[in-house]
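A.B. asks: Sharing a model prediction with you, sequence too.
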Amino acid sequence: MKVRKDFIIREIAGEIVIIPVNEAAVHFQGIMSLNESGKLLWDRLQEDVSEDTLIAALLEDYDTTHDVAKHDVSVFLDQLRKQNILQETE
């Protein structure tokens with residue numbers, strides 16, 4: 001899976017936000033901001049990666065447990081899927 005090309009992130013007034021571009025700008029409802037760990041995951045999602053790779057990235061950069069990292073990645077991916085931001089790949 002990876003982020004669809006119709007979404008980019010920008011820092012605006014000190015916050016990192018997801019911005020829709022092109023066709024996505026017509027359909028995207030609302031705004032999403034990212035914290036530090038969300039940005040880390042977003043950066044990894046620029047390439048096709050697995051959920052396990054994202055969990056490993058959190059474990060490498062943060063002092064957390066595997067269960068917490070797995071939960072956080074799952075919640076993050078669910079939010080991106082609900083907004084149709086992820087492109088599922090094989």
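C.D. replies: Looks like it came in fine.
A.B. asks: Run a quick neighbour tally on the nearest residue to L45 once chain neighbours are set aside.
C.D. replies: Leaving aside its chain neighbours, L45 sits nearest to V3 (4.5 Å; criterion: C-beta to C-beta, 6 or more residues apart in numbering). Yep, even glycine has a C-beta here, placed from its N, CA and C like the rest. Counted by other C-beta atoms under 10 Å, the residues lying close to V3 total 20.
A.B. asks: Give me the residue at the spatial middle of this protein.
C.D. replies: W42 (3.8 Å; C-alpha atoms, centre = their mean).
A.B. asks: what's that one in contact with, if anything?
C.D. replies: Neighbouring residues of W42 by C-beta atoms under 8 Å, 6 or more residues apart in numbering: 3, 9, 18, 34.
A.B. asks: thinking again about what came up before, ok, the residue nearest to L45 - contacts?
C.D. replies: V3 neighbours (C-beta under 8 Å, 6+ apart): 42, 45-46, 80, 85-87.
A.B. asks: Which of the residues you listed fall in helices?
C.D. replies: Among these, the residues falling in helices (DSSP state H) are 42, 80.
A.B. asks: Most neighbours among the contacts of W42, please name it.
C.D. replies: I18 (22 neighbours).
A.B. asks: what about that one, which helix or strand?
C.D. replies: If you go by DSSP states H and E, I18 is part of strand 15-20.
A.B. asks: Could you name the helices and strands sitting against that strand?
C.D. replies: strand 7-12, strand 32-34, helix 36-44 (3 or more C-beta pairs under 8 Å, 6 or more residues apart in numbering; DSSP states H and E).
A.B. asks: Export the ones you listed to JSON lines and append columns for mean pLDDT and distance to T65.
C.D. replies: Formatted as JSON lines, the helices and strands packed on strand 15-20 follow (pLDDT from 0 to 100; distance: least, C-beta to C-beta, whole Å):
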{"stretch": "strand 7-12", "mean pLDDT": "93", "distance to T65": "27"}
{"stretch": "strand 32-34", "mean pLDDT": "93", "distance to T65": "22"}
{"stretch": "helix 36-44", "mean pLDDT": "97", "distance to T65": "14"}
